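> 3D model of this:
(chains A and B)
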Amino acid sequence: AQSVTQLGSHVSVSEGALVLLRCNYSSSVPPYLFWYVQYPNQGLQLLLKYTSAATLVKGINGFEAEFKKSETSFHLTKPSAHMSDAAEYFCAATGTASKLTFGTGTRLQVTL
Amino acid sequence: EAGVTQSPTHLIKTRGQQVTLRCSPISGHTSVYWYQQALGLGLQFLLWYDEGEERNRGNFPPRFSGRQFPNYSSELNVNALELEDSALYLCASSFSNEQFFGPGTRLTVL
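Alright, predicted model coming up:
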């Protein structure tokens, strides 16, 4: 069975600092991987996705993620945090069953 | 292009009641997924419909059911509501391995 692990349920960074949200997946076959963002009382918005093309994936709002097969990781980064980035972030994977398996989420706090 | 829509936005029910949630996918998408986001339990896959058929089901009791209509819209039905069914229910439609989410329906069971 596929699983997704997000290290750190809560991450706090200063405005302008690097954002690093960690995600590891467990799968015998590299799945499709996604990062979603959820703002309070809203649904999920896709930030970026990996579908076995380029290993470095660029998304919206300045986010990017790198797929590392050797580490089974898909960490999300942003060079400079903005106050508007404060939200909950979910890493997810999908395999042959098409359903998304989500990590437990990381709440990003951005401080002045 | 209109996104995934869900209705109602909020719902309050009491234990033992039944509820129906509705979802309209993005035009041209034939797959609809339902997820439950309950406090402390994260996002859990509920159901997947494609071309009117149930294709996959998550680890939920049979009182969670649904259907997909010929226009690809979908309903999620929950019978005999329990307190722990209180959650945000998210619907997503799919194109090319990417799922697009609606705003969700917040269900509160008292």
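> isn't A:Ala92 right next to A:Gly103, touching?
Yes: counting by C-beta atoms under 8 Å, A:Ala92 does reach A:Gly103; the two are 7.0 Å apart. To be clear about C-beta, it is placed using only N, CA and C from the backbone, and glycine gets the same treatment.
> Which neighbours do those two have in common?
The contact sets of A:Ala92 and A:Gly103 overlap at A:Val4 (C-beta atoms under 8 Å, 6 or more residues apart in numbering or on different chains).
> Spatially nearest residue to residue 10 (excluding sequence neighbours)?
By default, I'm working from chain A. Closest residue in space to A:His10, ignoring its immediate chain neighbours: A:Arg107 at 4.9 Å, by C-beta to C-beta, 6 or more residues apart in numbering or on different chains.
> Please refer instead to chain B.
B:Arg106 (4.8 Å).
> buried residues in the helix or strand harbouring that neighbour?
Assigned by DSSP states H and E, B:Arg106 belongs to strand B:105-109. Using 16 or more other C-beta atoms under 10 Å in any protein chain shown as the burial criterion, the residues of strand B:105-109 that qualify are B:105-107, B:109.
> now stretch A:68-86
A:73-76, A:78, A:81, A:85-86.
> just to revisit the earlier point, which single one of the buried residues of strand B:105-109 is nearest to chain A?
B:Arg106 (7.7 Å; C-beta to the nearest C-beta).
> quick one: contacts for B:Ala80?
Contact partners of B:Ala80, counting by C-beta under 8 Å, 6+ apart, are B:16, B:18, B:63.
> element containing the residue nearest in space to the middle of chain B?
Centrality entry for chain B: nearest residue to the mean C-alpha point is B:Trp34, 3.6 Å, by C-alpha atoms, centre = their mean. Per DSSP H and E: B:Trp34 is located in strand B:31-38.
> Tell me how confident the model is about that strand, as a mean pLDDT.
Averaged across strand B:31-38, the pLDDT comes to 95.
> After it, heading C-terminal, what element do we hit next?
Using DSSP H and E, the helix or strand that follows strand B:31-38 in sequence is strand B:42-50.
> okay, the angle between whatever helix or strand comes next after that next one and strand B:42-50?
Beyond strand B:42-50 on the C-terminal side, the first helix or strand identified by DSSP H and E is strand B:53-57. Compare the direction of strand B:53-57 with that of strand B:42-50 by axes from the mean of the first three to the mean of the last three C-alpha atoms, to 10 degrees and you get 150 degrees.
> Adjacent strands (with direction) for strand B:53-57?
Sheet partners assigned to strand B:53-57 using DSSP bridges are listed as strand B:42-50 (antiparallel).
> Residues contacting the partner strand from elsewhere in the structure, which ones?
A:90, A:92, A:98-105, B:30-38, B:54-60, B:64-68, B:74, B:76, B:89-90.
> Which among those count as buried?
Buried subset of these (neighbour count, 16+ other C-beta under 10 Å): A:90, A:92, A:98-105, B:31-37, B:57, B:60, B:64-66, B:68, B:74, B:76, B:89-90.
> Among these, which are located in strands?
The strands, defined by DSSP state E, take in A:90, A:92, A:100-102, B:31-37, B:57, B:64-66, B:68, B:74, B:76, B:89-90 from the buried ones among the contacts of strand B:42-50.
> Tell me the one of the buried residues of stretch A:68-86 nearest B:Glu84?
Using C-beta to C-beta, A:Ala86 is the member of the buried residues of stretch A:68-86 that sits closest to B:Glu84, with 28.8 Å.
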